[in-house]
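J.: Just a sequence and a predicted model for now, questions to come.
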Protein chains: 2
Amino acid sequence: MNQQKSVLKVGLAGLGVVGSEVARQLTTRSVALGAAAGCELRLVAIAARDRMANRGFNTSTMMWVESAADMAAIEELDIVVEMIGGSEGVALDIVRNALVAGKHVVTANKALLAHHGSELATLAEENDVGLLFEASVAGGIPAIKTLREGLAGNEFSRVSGILNGTCNYILTRMEKTGEAFDNVLAEAQNLGYAEAEPSLDVDGIDAAHKLTLLGAIAFGQKPNFDAVFIQGIRDVAAVDFTYANKLGFRIKLVGVAEPGMAPRMQTCLLPLNCQLAKVNGVLNAVEFHGSPIGGTLSIGQGAGAGATASAVLADLIDIGRGRITLPFGRPVAELSEINSTRKQDGEDTPFYLRLMVVDQPGVLADVTKVLQNHQISVESLLQQGRSPDDVVPLVMTTHETSGTALASALVAIETLEAVRARPVAMPILPDEVEG
Amino acid sequence: MNQQKSVLKVGLAGLGVVGSEVARQLTTRSVALGAAAGCELRLVAIAARDRMANRGFNTSTMMWVESAADMAAIEELDIVVEMIGGSEGVALDIVRNALVAGKHVVTANKALLAHHGSELATLAEENDVGLLFEASVAGGIPAIKTLREGLAGNEFSRVSGILNGTCNYILTRMEKTGEAFDNVLAEAQNLGYAEAEPSLDVDGIDAAHKLTLLGAIAFGQKPNFDAVFIQGIRDVAAVDFTYANKLGFRIKLVGVAEPGMAPRMQTCLLPLNCQLAKVNGVLNAVEFHGSPIGGTLSIGQGAGAGATASAVLADLIDIGRGRITLPFGRPVAELSEINSTRKQDGEDTPFYLRLMVVDQPGVLADVTKVLQNHQISVESLLQQGRSPDDVVPLVMTTHETSGTALASALVAIETLEAVRARPVAMPILPDEVEG
């Protein structure tokens, strides 16, 4: 009911798998998408590295833009869709320039927004245009629209989620096969689920980008990637799955954002019976907690051409419908800074600890002494079998403690003579949406 | 960006647990809700059966409407929220009259819309007002907004879901405890999860109301409750859970809506590993399938004051924001009629069959003969232990067949001398969002 124009002209920069899928959808489903948007969404300009590649849609009626950075300067465009990626360089230039030129921007670029979100949202405000990024967080889950619209009447207390399909796949396979991290990573790389350079995924960086954006919208936090506490999945060993299962838990990389705290992306233990623990393989999930709703959870593909294109189309339709809100739900001037002075700490939680120790008398006494000195109390302890003088795992769960207290205890524990590897610690998250 | 007024005046008819929660939210969180809506949402008039009850919010500034049916006649109201319930009577009068009087209507009344949706949507169209009903389908899951907005760029192929918490609770408990339906129903009644008169829930009617609305929005079907095929959970016996588990399935009441077919609400078997099968207890879930997204699933509370109030608030905020679309996404004149001539049949599916037969030679031959005559082929067969001349369960799964072919085979099977109870048949649904 609110559209002003009968045609919105779209420029698309970046024709990788997702960009090409967006172009195919816009060109082959024009009537249906026009009906949904209340106006025609016409793809008129494209830019990509290789002009000659056949991408499965007809480019003959479109303007080919030699240098993607020039996209923003095309007068007739109403909307620029940025599908290039990367937090700096061309992507940043295009988005900046398009906003300044008074064009709406749709992007899937989580890194860009996690690093430059405040600046770009300010530009969108100043130029009275939309900056929409549903596709940047779990394309197959309309997480941003759920926060902004479906759950708009709630005061959020916590948004958490499994936000990286590669990590979830690796953890699922490690649990199932009992294989070591390196082997499963290699398998994931062969299957195309992980990059040759896997750091962005397995070190939790990609997932933390997404968490930054969810926290910004849910709690009015200024997006600030540097304030996020991040602990990836590299330290998880096959033996941890055995112990976690014995204790009634599953290991997942979970991001948690809460009001007034730094977002945390951590490999952690979840009760086997909670809904997030049941989300396996490459699937992603986002859990929303607030009042009055209580809790609700969405599950879907985190990546892939179709799921991500679906999110881009929803943003384009919102622009057509005039359903444009401020990028982070309120003016940038009203966003709060994240308090990152104690970014390792959320609420106190119980922890899972695994130490590799020489199986000899006195070890346990030494370790528990250190914990006691840091006011950390042990809830349970597992030491399976005996193997005198060999290095064996010693597994403990603690009562609720702060992440900083634990970190300093672990430094001391690592110096003990019998401790032969860096201790592994993972928080144990509470059971939320159960069923 | 689209609101015209600085205050929207709201009248609320019905102050049960949900209505009272809506009133508490509007009165105690006025500033936050106003910020979300872009204008004040002011509750100015209320109606309920008992004026004197203390419902936890201050009514002193509100107009008390003696007869709820008069709510629509109050000139100053912009929005009427109908929380009375029931498909006829006062609720129908209020909604009709409010729309005719040019007021927006927000309701949680699935029965009303499943039966009178076309008439009411026509009134909304004619009077250029909103008729919003997010709360009518699984309050804790923003299913309608997900169809309309989050997934607006998709062509839907299937919407399915667990839409009744009472049934899901009963089935979950039956599986866990091995108790009979009647015992578990009594337990659910004691806990307040089931009504004294449980038919609306356990016969699948409430869930079918909701499915009618999902199908209408996803596929542009005219809402027509009478066209829905419904098979509730009363026929499920404890023994079915044992066999289903052995075969790798879980029993759930699942609704399925697909384009061009009558929606079906059926007790059915789901692969243990699919996401819907992992949704237990009173939780609800809605699964969306379409292109380009593939599949996505949301899980949440189906009922309860907080979850339902959250959905009502989201609708009120949409009205404030001017985000009003046609009730079923397109003009009533463009909605298609559901073809209900073969409403028992969706796509052909495999079925689970359980017969209670006298354990004697020849039974199996007789049964399989009947199936063969109806072109139904058996995939697997389970007959545990031997107990000559006693009545024992005979369980089979079939290859894909139509519901009507199976229904007519079952009529013939029931006439066999050795068959001692009405055969129980449940479709086996495919594995969709897996993980």
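T.: It's in.
J.: now the strands for the stretch 51-200 of chain A?
T.: Along the stretch 51-200 of chain A, counting by DSSP state E, counting those that start in this stretch, strands occupy A:63-64, A:79-82, A:104-107, A:131-132, A:155-162.
J.: Give me the contact list for the third one.
T.: By that I understand strand A:104-107. Strand A:104-107 is contacted from outside by A:78-83, A:91, A:95, A:98-99, A:113, A:120, A:124, A:129-133, A:135-136, A:312, A:315-316, A:319, A:324, using Cβ atoms under 8 Å, 6 or more residues apart in numbering or on different chains. Where C-beta positions appear, they are placed from N, C-alpha and C, glycine not excepted.
J.: Mind checking which of the residues you listed land in helices?
T.: A:91, A:95, A:98-99, A:113, A:120, A:124, A:312, A:315-316, A:319 (DSSP state H).
J.: Near chain B, list only the ones from those residues.
T.: A:312, A:316 (Cβ under 8 Å from any Cβ of the partner chain).
J.: got JSON lines for the strands of the stretch 51-200 of chain A, with mean pLDDT and mean neighbour count too?
T.: JSON lines is the format used below for those (pLDDT from 0 to 100; neighbours: other Cβ atoms under 10 Å in any protein chain shown):
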{"stretch": "strand A:63-64", "mean pLDDT": "92", "mean neighbour count": "13"}
{"stretch": "strand A:79-82", "mean pLDDT": "98", "mean neighbour count": "27"}
{"stretch": "strand A:104-107", "mean pLDDT": "98", "mean neighbour count": "27"}
{"stretch": "strand A:131-132", "mean pLDDT": "98", "mean neighbour count": "26"}
{"stretch": "strand A:155-162", "mean pLDDT": "97", "mean neighbour count": "23"}
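J.: Take these and lay them out in CSV including distance to B:Leu381.
T.: Below are the strands of the stretch 51-200 of chain A laid out as CSV (distance: least, Cβ to Cβ, whole Å):
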stretch, distance to B:Leu381
strand A:63-64, 63
strand A:79-82, 55
strand A:104-107, 55
strand A:131-132, 55
strand A:155-162, 40
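J.: what's the distance between A:Ala333 and A:Phe249?
T.: According to Cβ to Cβ, to the nearest Å, A:Ala333 stands 43 Å off from A:Phe249.
J.: ok, the two, which is more surrounded?
T.: Comparing A:Ala333 with A:Phe249 by other Cβ atoms under 10 Å in any protein chain shown, the one with more neighbours is A:Phe249, at 24 against 9.
J.: Leaving out the residues flanking it, which one is nearest to the more buried one?
T.: Nearest non-adjacent residue to A:Phe249, counting by Cβ to Cβ, 6 or more residues apart in numbering or on different chains: A:Leu269, 3.8 Å away.
J.: secondary structure element for the one you found?
T.: According to DSSP states H and E, A:Leu269 maps onto strand A:264-271.
J.: Show me what that strand is packed against.
T.: helix A:205-219, strand A:229-231, strand A:249-257, strand A:424-427 (3 or more Cβ pairs under 8 Å, 6 or more residues apart in numbering or on different chains; DSSP states H and E).
J.: List the buried residues of that strand.
T.: A:264-271 (16 or more other Cβ atoms under 10 Å in any protein chain shown).
J.: ok, which pair from those residues is furthest apart?
T.: Distance extremes for these: the farthest pair is A:Met265 and A:Pro271 at 19.5 Å, using Cβ to Cβ.
J.: wait, A:Val367 sits on A:Val358?
T.: No: counting by Cβ atoms under 8 Å, A:Val367 stays clear of A:Val358, with 11.8 Å between them.
J.: Of those two, which one has the most company?
T.: Each of A:Val367 and A:Val358 has its neighbours counted (other Cβ under 10 Å); A:Val367 has more, 24 against 17.
J.: So that one, which state does it fall into?
T.: What DSSP: H, G, I helix; E, B strand; the rest coil gives for A:Val367 is helix.
J.: Leaving out chain neighbours, which residue sits closest to it?
T.: The shortest distance from A:Val367 to any non-neighbouring residue, by Cβ to Cβ, 6+ apart, is to A:Ile413 (5.9 Å).
J.: and that neighbour, what are its phi and psi?
T.: With angles defined as degrees, to the nearest 10, A:Ile413 sits at phi -60, psi -40.
J.: Pull the residues that contact stretch A:69-78.
T.: A:5, A:8-11, A:13, A:44-45, A:47, A:63, A:65, A:80, A:90, A:93-94, A:96-98, A:100-101, A:103-104, A:319.
J.: Just the buried residues of those.
T.: Buried by 16+ other Cβ under 10 Å: A:8-11, A:13, A:44-45, A:47, A:63, A:65, A:80, A:90, A:93-94, A:96-98, A:101, A:103-104, A:319, out of those.
J.: Please spell out the segments of chain A that come in under the pLDDT threshold.
T.: Low-confidence segments of chain A (pLDDT under 70): A:1-4, A:341-346, A:385, A:432-435.
J.: So which residues of it form helices?
T.: Residue ranges of the helices in chain A, as given by DSSP H, are A:17-28, A:30-37, A:89-100, A:110-126, A:143-145, A:165-177, A:181-190, A:199-202, A:205-219, A:238-246, A:305-320, A:363-373, A:403-414.
J.: wait, which of those helices is closest to B:Thr146?
T.: Once those are compared by Cβ to Cβ, helix A:143-145 is nearest, at 7.9 Å.
J.: Show me the residue at the heart of chain A, geometrically.
T.: A:Ala207 (2.8 Å; Cα atoms, centre = their mean).
J.: would you turn the helices and strands packed on strand A:264-271 into a markdown table with distance to B:Leu191?
T.: Formatted as a markdown table, those follow (distance: least, Cβ to Cβ, whole Å):
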| stretch | distance to B:Leu191 |
| --- | --- |
| helix A:205-219 | 33 |
| strand A:229-231 | 41 |
| strand A:249-257 | 28 |
| strand A:424-427 | 33 |
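J.: Out of the ones you listed, which one sits most buried?
T.: Neighbour counts (mean count of other Cβ atoms under 10 Å in any protein chain shown) averaged over each of those peak at helix A:205-219, with a mean of 27.
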